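Peer 1: Sharing a model prediction with you, sequence too.
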There are 2 protein chains.
Amino acid sequence: MSRRCRLAIDAMSGDAGVTATVPAAASVMASDPDLELILVGQPDVLHPALQQAGLSDHPRLRVQAASEVVEMDESPSQALRYKKDSSMRRAIDQVRQGEADACVSAGNTGALMATARYVLKTLPGIDRPAICTTIPCRGGEFRMLDLGANIDCSAEHLFQFAVMGAELAEAVSAGQRPRIGLLNLGEEEIKGNDQVKQAAQLLQASDMDYVGYVEGDRMFANVADVVVCDGFTGNVALKSSEGVAAMISHYLREEFQRNLFSRLAGLVALPVLRSLRRRLDPRRYNGASLLGLRGVVVKSHGGADEVAFAQAIRTGRVEAMQAIPNRIDARLGQIFGKEMAR
Amino acid sequence: MSRRCRLAIDAMSGDAGVTATVPAAASVMASDPDLELILVGQPDVLHPALQQAGLSDHPRLRVQAASEVVEMDESPSQALRYKKDSSMRRAIDQVRQGEADACVSAGNTGALMATARYVLKTLPGIDRPAICTTIPCRGGEFRMLDLGANIDCSAEHLFQFAVMGAELAEAVSAGQRPRIGLLNLGEEEIKGNDQVKQAAQLLQASDMDYVGYVEGDRMFANVADVVVCDGFTGNVALKSSEGVAAMISHYLREEFQRNLFSRLAGLVALPVLRSLRRRLDPRRYNGASLLGLRGVVVKSHGGADEVAFAQAIRTGRVEAMQAIPNRIDARLGQIFGKEMAR
């Protein structure tokens, strides 16, 4: 398999726009000689940034003009209807036209999902695309979906999420069979809603490695490679986790600045604390996958800096190389075939 | 107002049973001369533990015999139907009979909720009791409910939770008007389910200090004193938060043990790290309130040790003194009255 790969980058997207996307493009291209990039955006903004980054005449980079930018707070329907020449839309167009193997954007999640769904369409057998991201846990990481694209989900939707998450996890982990868990309440409590219970039955009957219900705290103990839930729960769980991590980091700083002794202790402990921070750096996990579409679309955090956006580009690169949509499609065909044969 | 208060303690409850509950009782009684306790449980287990703790003939303590114990994994209906002489049931009975102002148990949540609901009944105007706990955040703490008693909640249920949480928060914070938030997805995403949207309208129309939607991460930035959600979401959010905190603490230990230098740094930083741990010690926040009942019932974590269980007793003490069920009842009467007058 050729390692050549071409990605379309929504260069105008995110809070930082070209000041993050262009340097990120430069750094990923420098370390990956098989990567070609299409930077999509307003030429008068893009060209000066490219010049500054020394990318003006780069043989593996071209600029695709797009006159508009989708705002971070713009409604998805608004963006879809009125911004047909946005950098986001044009970047997704590149994927549909076969010009790019994936597209990466730090733009507004709702608009990106709506536009990608409209332009690329969903895979046969998928009712709704889902947002999936990688989260660190003890001694590893896991994938979680959905994270906000779908608020109310049926058992069938949850099952489809599991299939998509499993294909992604398996492709990226070099073929290891992923453990699939369903996010649910503790056993002590009343035992989950009907959708989750029915999804559990569907998963049990499948040939996936279904490990059962996973509680919120157990996710971080490395008990599943893919954790499946509806988008409301997933969004709240992910953001709560981020909130706690930020609070602990805040308190850690505060404690180390309390008095002269603690400042000295902080100085001594600095290399260790830095190593911890590196390990849990959210920028290392930037790049959520919009799964279930006929093409690879990666959503970067809106506040991404150069380092974080580069990670999102690498995520798009891996998913394009692994042809994740094709894998999901083939898997759904298998499941469908089996069901037909019953 | 007299400060005298009498609590019923389910002394057999929790993973540790009397080895946690009895020393906790001793420590709280020692620091609170107005507190009387009824320790409920099997006399042959309780008496030796009391003797060991020097509580055998304590003038403010009496033992109430109960022959059975509800197991941690016992189903609520099973416990309710077949364990009528359990320490849990007998402790709740003390509240119903007016013998105790509150009851505290580290037993199985489902059984405690079912039994309390059956024995004490809900307040008029409350469809479903909810579980509420206190969670630390930057520069303060907030209360969150429901945490697992109710999986599917209507807008009216969420509104009732808000009323109950607000009364508790106001009573405990010496009358400060609490800020009420509804847990929801980020603005960028599709904007929440119908129940949450309708609950927002109810809260906007009320005279509570409603601050709007709160995202999972913002909870920890001290933006609301009461965060309202359905029990599925609340349970997942709380447990995810606990899971992340445990993971960070695990990594912190690991990083400080990586090599000789980091061990030395850890030694120097130990007082600072201890101070951080004290600040976020979950034992300091032990004791969830079962709100909406005609009596105060506090649920301790099942794995509580002496320190944690003592905190749950203190929580019960405060809620009994503040007569939380009466306050909620009065507030519901006001709201009901207003509605009648329209």
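Peer 2: Yep, it's here.

Peer 1: how far away is A:Gly148 from B:Leu80?
Peer 2: 39 Å (Cβ to Cβ, to the nearest Å). Using the backbone N, CA and C atoms, a C-beta is placed for each residue, glycine as well.

Peer 1: Tell me which of the two has more neighbours.
Peer 2: Taking neighbours as other Cβ atoms under 10 Å in any protein chain shown, A:Gly148 and B:Leu80 compare with A:Gly148 leading, 26 against 21.

Peer 1: Would you confirm that that one contacts A:Gly231?
Peer 2: Yes - applying Cβ atoms under 8 Å as the test, A:Gly148 and A:Gly231 come out as touching, 4.6 Å apart.

Peer 1: Show me which residues of the stretch 1-150 of chain A sit near chain B.
Peer 2: A:72-73, A:76, A:108-110, A:136-138, A:148-149 (Cβ under 8 Å from any Cβ of the partner chain).

Peer 1: quick one, domains of chain A?
Peer 2: Residue ranges for the domains of chain A, per automatic domain parsing: A:1-126+A:292-342, A:137-282.

Peer 1: Low-confidence regions, the stretch 51-200 of chain A specifically.
Peer 2: A:186-190 (pLDDT under 70).

Peer 1: Now the regular element (helix or strand) spanning A:Glu242: buried residues?
Peer 2: Counting by DSSP states H and E, the element that carries A:Glu242 is helix A:231-256. By neighbour count with 16 or more other Cβ atoms under 10 Å in any protein chain shown, helix A:231-256 contains the buried residues A:231-245, A:247-248, A:251-252, A:255-256.

Peer 1: for stretch A:165-177, same thing?
Peer 2: A:165-172.

Peer 1: just the residues you listed now: which is nearest B:Ala100?
Peer 2: A:Gly165 (49.6 Å; Cβ to Cβ).

Peer 1: what's the closest non-adjacent residue to the residue nearest in space to the middle of chain A?
Peer 2: Compute the mean C-alpha point of chain A, and by Cα atoms, centre = their mean the closest residue is A:Ala288, 0.6 Å away. Leaving aside its chain neighbours, A:Ala288 sits nearest to A:Thr133 (4.1 Å; criterion: Cβ to Cβ, 6 or more residues apart in numbering or on different chains).

Peer 1: List of residues touching the helix or strand hosting the one you found?
Peer 2: Per DSSP H and E: A:Thr133 is located in strand A:130-137. Contact partners of strand A:130-137, identified using Cβ atoms under 8 Å, 6 or more residues apart in numbering or on different chains, comprise A:109, A:113, A:141-150, A:160-161, A:164-165, A:168, A:219-222, A:231, A:234, A:238, A:241, A:279-280, A:284-285, A:287-292, A:299, B:247.

Peer 1: ok, now stretch A:317-327?
Peer 2: Applying Cβ under 8 Å, 6+ apart, the external contacts of stretch A:317-327 come out as A:1, A:3, A:5, A:7, A:28, A:32, A:35, A:101-102, A:123, A:167-168, A:171-172, A:289, A:291, A:293-296, A:298.

Peer 1: Out of those, which end up buried?
Peer 2: A:5, A:7, A:28, A:32, A:35, A:101-102, A:123, A:167-168, A:171-172, A:289, A:291, A:293-296, A:298.

Peer 1: Return the subset of those lying in strands.
Peer 2: Per DSSP state E, strands hold the following members of those: A:5, A:7, A:35, A:102, A:289, A:291, A:296, A:298.

Peer 1: May I ask which two of those residues are separated the most?
Peer 2: A:Leu35 and A:Leu291 (22.1 Å).

Peer 1: can you state the direction angle for the helix holding A:Glu242 and strand A:130-137?
Peer 2: Helix A:231-256 runs at 30 degrees relative to strand A:130-137, counting by axes from the mean of the first three to the mean of the last three Cα atoms, to 10 degrees.

Peer 1: For helix A:231-256, enumerate the helices and strands it packs against.
Peer 2: strand A:130-137, strand A:140-145, strand A:179-183, helix A:260-280, helix B:231-256, helix B:260-280 (3 or more Cβ pairs under 8 Å, 6 or more residues apart in numbering or on different chains; DSSP states H and E).

Peer 1: now with 7 Å?
Peer 2: strand A:140-145, helix A:260-280, helix B:231-256, helix B:260-280 (3 or more Cβ pairs under 7 Å, 6 or more residues apart in numbering or on different chains; DSSP states H and E).
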